[in-house]
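Student: Coordinates only, no sequence provided:
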């Protein structure tokens, strides 16, 4: 997925996505593909608020969630989605 894409988190099962999501902090398209059982379902892209993303990157993390990747603490319980354009 490309940098600033917002995607659905999942386990190794490509159909296991639930309510957890993440923002790609870098372009990782080279590591995706059929050998990796596909990518992640992208449902949005960050268009504004990059200062907020920079602040999130500085939060302490711990391993949790479906993927057991380092997740920010405190946990983000919600987000506001604003549609840009028509």
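Tutor: Received the coordinates, thanks. All figures in this text were calculated on a predicted structure; none of them were measured in a lab. Numbering: from 1, shown residues only.
Student: And the strands in this protein?
Tutor: Taking DSSP state E as the criterion, the chain contains strands spanning 5-8, 21-23, 42-45, 61-64, 69-72.
Student: looking at the ones you listed, which is closest to residue 15?
Tutor: Taking CB to CB, strand 5-8 is the member of the strands of the chain nearest to residue 15, at 10.7 Å. Every residue, glycine included, has its C-beta placed from N, CA and C.
Student: and that closest one, what other elements does it pack with?
Tutor: strand 21-23, strand 42-45 (3 or more CB pairs under 8 Å, 6 or more residues apart in numbering; DSSP states H and E).
Student: what's the burial count for residue 1?
Tutor: 20 (other CB atoms under 10 Å).
Student: Could you do the one 4 residues further on as well?
Tutor: Residue 5: 19 surrounding residues under other CB under 10 Å.
Student: Please verify my assumption that it contacts residue 47.
Tutor: No: with contact defined as CB atoms under 8 Å, residue 5 does not count as touching residue 47 (11.3 Å).
Student: can you pull the pLDDT of residue 47?
Tutor: With respect to pLDDT, residue 47 has a value of 87.
Student: For it, give its distance to residue 4.
Tutor: 8 Å (CB to CB, to the nearest Å).
Student: These two: which is more packed in?
Tutor: Neighbour comparison, residue 47 and residue 4: the larger count goes to residue 4, with 17 against 10 (by other CB under 10 Å).
Student: which ones are touching the more buried one?
Tutor: Applying CB atoms under 8 Å, 6 or more residues apart in numbering, we find residue 4 in contact with 23-24, 45-46, 50, 53.
Student: Just the buried ones from the residues you listed?
Tutor: Those of the contacts of residue 4 that meet the buried threshold are 23-24, by 16 or more other CB atoms under 10 Å.
Student: what's the farthest-apart pair in the contacts of residue 4?
Tutor: Distance extremes for the contacts of residue 4: the farthest pair is 24 and 50 at 12.9 Å, using CB to CB.
Student: For this structure, which segments count as helices?
Tutor: Using DSSP state H, the helices of the chain run over 50-57.
Student: quick one on the thing from earlier: out of the contacts of residue 4, which comes closest to residue 12?
Tutor: residue 24 (18.6 Å).
Student: I appreciate the help and will end here.
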